[in-house]
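K.L.:
quick one: sequence and predicted model below, then my questions.
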Amino acid sequence: MQALTPIRKTVETRAAEQPDLRDVFLCHAWDDRQGAAKELHDFLVAAGVKVWFSEKDLALGVPMMRAIDKGLANSRIGLVLVTPALLARLPKEGIADKELSALLARDQLIPIVHNTTYEKLRDISPLLGSRSGLDTAADSMKVVADKIAELVAIDA
């Protein structure tokens with residue numbers, strides 16, 4: 001958690017400037033939307049975190065890229081759920097690649113490595129792999145969600 005302290009400062013600043021923001025934007029591979037990404041989403045919501053999640057926030061008939069763009073702009077931080085499915089998609093041009101580029105441009109990004117390693121991540125994306133983050137090999141998905149909830153909690 002100590003390594004994530006600089007992101008906490010960004011969260012507090014953005015919360016003061018825009019109080020109606022979501023706490024987090026959850027970036028994930030399409031293949032993970034019903035599995036690991038939904039599991040993380042559900043734990044985050046249970047911990048009181050307001051999450052932008054494509055499975056809940058993309059309405060039928062809405063242009064996907066525009067909805068994602070608005071979700072990114074209206075979230076305090078971005079979480080990138082790094083799974084084998086995401087690692088397989090990153091070398092290709094796609095939506096996750098665009099989300100990741102937008103998140104990397106700001107100091108608001110936390111990678112969460114799940115069922116893979118930081119070494120494999122660094123082989124595919126040295127920029128993302130260099131960020132401080134969390135690993136479900138060290139903590140359960142629930143503990144990861146609780147740490148994120150603690151990070152984004154804004155004291156009234």
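P.N.:
Arrived safely, thanks for sending. In this text, all values refer to a predicted model and were calculated from it rather than measured experimentally.
K.L.:
hey, let's count contacts and neighbours off CA atoms from now on
P.N.:
Fine.
K.L.:
helix/strand/coil for the most centrally placed residue in the chain?
P.N.:
Closest to where the C-alpha atoms of the chain average out (Cα atoms, centre = their mean) is Leu79, at 1.2 Å. Per DSSP: H, G, I helix; E, B strand; the rest coil, the local secondary structure of Leu79 is strand.
K.L.:
beta partners of it?
P.N.:
On the basis of DSSP bridges, Leu79 is bridged to Leu26, Ile110.
K.L.:
how about it, what does it touch?
P.N.:
By Cα atoms under 8 Å, 6 or more residues apart in numbering, the contact list for Leu79 reads Val24, Phe25, Leu26, Cys27, Leu109, Ile110, Pro111, Ile112.
K.L.:
can you show me the CA trace of the strand or helix carrying the first one as CSV?
P.N.:
Read that as Val24. Here Val24, judged by DSSP states H and E, is contained in strand 22-27. Written as CSV, here are the backbone C-alpha positions of strand 22-27 (Å, rounded to 0.1, in the frame of the first residue of the first chain):
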residue,chain,number,x,y,z
ARG,A,22,-16.4,7.2,-10.1
ASP,A,23,-13.7,5.9,-7.8
VAL,A,24,-12.2,3.5,-10.4
PHE,A,25,-12.3,2.6,-14.0
LEU,A,26,-11.8,-1.2,-14.4
CYS,A,27,-9.9,-2.0,-17.6
